[in-house]
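Trainee: pasting the structure only:
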Ligand code: GDP
């Protein structure tokens, strides 16, 4: 449950972790002391800020199953959500250059947990449980009521939810339901396409347009869509930059 050692020891069983990653693992544990901010510099500055943020230590804080057990409100938080199997664990691992940071993929019926990681003492990454295994919007509502909705609606330091969509498949009803819940909770969310290596460039461009259109249709959505691949490293630097922009 909330046992860090047990959590850290979980095998990921993730494909991408088994392949040689084009980006070497970030030196987690190499503590970052300075706190450069984005100073209105160009994209290169933003990418560098992202690189620096993720070069810092990433530390498991706790896994919670009840609203009372949430860590005290502190650092800015960014939560990662998506359908089970969307590639969330792989993305979290690839972003942080860690192999066992994120949980094993959500299994049906698996206990709902929110898992908190402190990144460089500047940003809390929150791994939300995968939803919609059964692909029914109702299952998202069931999964996300209670703890999840309370967290989303009541967390003042929650800066953004990264909502992951598989670039290779169509947007499911459960994804649409998740977006509606985020709208209702008035939490800014950003669409992130995963597994972009699995589609040809033209199809990916079409998918990005579709996602942008979706984003425009939701009041709580951030307009920018990021395409990523945990396999090839595509988009990771851009996503790190977006996260650095939200960090303390
Ligand atoms: P989660 O359930 O959302 O945490 O998903 P996982 O990270 O466990 O990934 C689900 C499946 O998708 C696994 O078989 C992964 O190997 C695969 N996968 C994850 N990321 C990528 C990616 O970037 N590209 C490809 N081709 N497969 C991926």
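Mentor: Good, I have the coordinates. Computed from a predicted model, the values in this text were never measured in an experiment.
Trainee: direction included, what does the longest strand seen in the chain pair up with?
Mentor: Criterion DSSP state E: the longest strand present in the chain is strand 158-166. Each strand paired with strand 158-166, and its direction, by DSSP bridges: strand 77-82 (parallel), strand 189-194 (parallel).
Trainee: distance to the ligand and mean pLDDT added to the ones you listed, as JSON lines?
Mentor: Just so you know, the C-beta spots here come from the backbone N, C-alpha and C atoms, and that holds for glycine as well. Below are the strands paired with strand 158-166 laid out as JSON lines (distance: least, C-beta to the nearest ligand atom, whole Å; pLDDT from 0 to 100):
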{"stretch": "strand 77-82", "distance to the ligand": "6", "mean pLDDT": "97"}
{"stretch": "strand 189-194", "distance to the ligand": "6", "mean pLDDT": "98"}
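Trainee: where does pLDDT dip in the chain?
Mentor: For the chain, the stretches with pLDDT under 70 are 1-41, 99-111, 133-143.
Trainee: and the longest helix for it?
Mentor: helix 201-216 (DSSP state H).
Trainee: any idea what the most centrally placed residue in the chain is bridged to?
Mentor: For the chain, the residue sitting closest to the mean C-alpha position, by C-alpha atoms, centre = their mean, is residue 80 at 2.8 Å. Per DSSP bridges, the residues bridged to residue 80 are residue 127, residue 162.
Trainee: go ahead and confirm it touches residue 128.
Mentor: Yes: under the criterion of C-beta atoms under 8 Å, residue 80 makes contact with residue 128 at 6.2 Å.
Trainee: overlap of the contact sets of these two?
Mentor: residue 161 (C-beta atoms under 8 Å, 6 or more residues apart in numbering).
Trainee: how far does stretch 78-92 sit from the chain's center?
Mentor: 5 Å (C-alpha atoms, centre = their mean, to the nearest Å).
Trainee: quick one: end-to-end distance for stretch 54-73.
Mentor: 22 Å (C-alpha to C-alpha, to the nearest Å).
Trainee: report the buried residues of it.
Mentor: For stretch 54-73, a neighbour-count test (16 or more other C-beta atoms under 10 Å) marks 54-64, 70-71 as buried.
Trainee: narrow those residues to those in helices?
Mentor: 54, 55.
Trainee: among the buried residues of stretch 54-73, which one sits closest to the ligand?
Mentor: Closest approach to the ligand among those (C-beta to the nearest ligand atom): residue 63, at 14.7 Å.
Trainee: picking that back up, now distance to residue 117 too, for the strands paired with strand 158-166, in TSV please.
Mentor: Below are the strands paired with strand 158-166 laid out as TSV (distance: least, C-beta to C-beta, whole Å):
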stretch	distance to residue 117
strand 77-82	10
strand 189-194	17
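Trainee: to residue 157, which of those strands lies closest?
Mentor: strand 77-82 (5.2 Å; C-beta to C-beta).
Trainee: what sits up against the closest one?
Mentor: With C-beta under 8 Å, 6+ apart, strand 77-82 has contacts from 88, 91-92, 114, 116, 123-128, 130-131, 151-152, 155, 157-165, 175, 178, 189, 194, 243, 246.
Trainee: need the buried ones from those selected in ChimeraX.
Mentor: With 16+ other C-beta under 10 Å as the burial test, the buried ones among the contacts of strand 77-82 are selected in ChimeraX as follows:
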select :88,91,92,114,116,123,124,125,126,127,128,130,131,151,152,155,158,159,160,161,162,163,164,165,175,178,189,194,243,246
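Trainee: quick one: which of the buried residues of stretch 54-73 is nearest to residue 215?
Mentor: residue 54 (24.4 Å).
Trainee: and that closest one, what does it touch?
Mentor: 26, 95, 96, 97, 119, 120, 240, 243.
Trainee: could you dump the residues you listed to CSV with distance to residue 84 and secondary structure?
Mentor: What follows is those, written out as CSV (distance: C-beta to C-beta, whole Å; DSSP: H, G, I helix; E, B strand; the rest coil):
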residue, distance to residue 84, secondary structure
26, 26, coil
95, 19, helix
96, 21, helix
97, 24, coil
119, 24, strand
120, 29, coil
240, 24, helix
243, 23, helix
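Trainee: right, I'll call it a day here.
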